[in-house]
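Visitor: What follows is a predicted structure for the sequence shown.
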Amino acid sequence: MREDALATRLVEHYEATADDPAIRLEEPYDADGREGVVDLFVRTRTPEPVDRVIELKADAAVRRATGANEVLRQYRRMERYFHADASHALRPKLGRTEPGARYLLCFAPTPTCAYHVATNRTLYGSVDPAGRAGDVPAVRTVAFLTGLDGDPAALGLVSVNGDAAFGSEPFKRAVPEDSRLAESLRAVDDDLVEFP
């Protein structure tokens, strides 16, 4: 599975589930000379603007990376500098009831990605879900994508940071039965994760 296929499914998901989302692929940012590109940028209104800044990782990216530290460095750079760019800046709003930014690191539900995350579960699990984009509350999510083959509205995430640690019983219950992710987790060595 390639990152462009993941991006296509996410675009279809937000088009199916949000009213008039602003969607941009390969969105560049430049904050004080710190340049980068995010795989997918989605702004929805609920009614306040909520930005989703998404970094995608499929097999090729995981194989090329020197390890989880490199993947997390790229993710942290995106988180730190994307909204620091004046063209993407978020402003605090009175009465905001949910975070204004969501930073997502999404892995393909493949055996290669499942093995990579299982091997580095402590590092990925250590990403604190609570964050900020300047003065605006934010959420950080490290997760596997699920539901890639079905209805775009049913696309989902199985998080590996936060309350349900990778391999825990709540994590296993969150994995849809007969999904690509379930198959991939079964293919990972039992010493890393036992998956029914």
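Guide: Yep, that arrived. Numbering: from 1, shown residues only.

Visitor: Where does residue 62 fall, secondary structure wise?
Guide: Here residue 62 is covered by helix 59-64, with elements defined by DSSP states H and E.

Visitor: Can you name every helix or strand that that helix contacts?
Guide: helix 111-119 (3 or more CB pairs under 8 Å, 6 or more residues apart in numbering; DSSP states H and E). Glycine gets a C-beta too; all of them are placed from N, C-alpha and C.

Visitor: Contacts for the helix it packs on, please.
Guide: Outside helix 111-119, the residues that touch it by CB atoms under 8 Å, 6 or more residues apart in numbering are 57-59, 62-63, 68, 107, 124, 144, 160, 166-167, 181, 184-185, 187-189, 192-193.

Visitor: tell me the average confidence for that helix?
Guide: Averaging pLDDT along helix 111-119 gives 95.

Visitor: Any buried residues in the helix or strand following it, and which?
Guide: On the C-terminal side of helix 111-119, the closest following helix or strand by DSSP H and E is helix 121-125. For helix 121-125, a neighbour-count test (16 or more other CB atoms under 10 Å) marks 121, 123, 124, 125 as buried.

Visitor: Give me the residues contacting helix 121-125.
Guide: 68, 69, 72, 105, 117, 142, 160, 161, 165, 166, 167.

Visitor: ok, 7 Å please
Guide: 68, 72, 117, 142, 160, 161, 165, 166, 167 (CB atoms under 7 Å, 6 or more residues apart in numbering).

Visitor: Restricted to strands, list the residues you listed.
Guide: Among the contacts of helix 121-125, the ones falling in strands (DSSP state E) are residue 142.

Visitor: doesn't residue 142 make contact with residue 127?
Guide: Yes. Between residue 127 and residue 142 there is a contact at 5.1 Å, judged by CB atoms under 7 Å.

Visitor: Between these two, which contacts overlap?
Guide: Counting by CB under 7 Å, 6+ apart, the contacts common to residue 127 and residue 142 are residue 161.

Visitor: Who has more neighbours out of those two?
Guide: Neighbour tally, residue 127 and residue 142, criterion other CB atoms under 10 Å: the higher count belongs to residue 142, 27 against 20.

Visitor: ok, now how distant is residue 30 from residue 97?
Guide: 31 Å (CB to CB, to the nearest Å).

Visitor: Show me which of these two is the more surrounded one.
Guide: Shown here are residue 30 and residue 97; by other CB under 10 Å, residue 30 has more neighbours (14 against 7).

Visitor: any idea of the pLDDT on the closest residue to the more buried one other than its chain neighbours?
Guide: Counting by CB to CB, 6 or more residues apart in numbering, residue 30 lies nearest to residue 85, which is 5.6 Å off, once chain neighbours are set aside. Residue 85 carries a pLDDT score of 92 in this model.

Visitor: what's the answer for residue 97, then?
Guide: Per-residue confidence at residue 97 stands at 72 (pLDDT).

Visitor: Check residue 52 too.
Guide: Residue 52 is assigned 97 on the pLDDT scale.

Visitor: what separates it from residue 173, distance-wise?
Guide: Distance from residue 52 to residue 173, counting by CB to CB: 25 Å.
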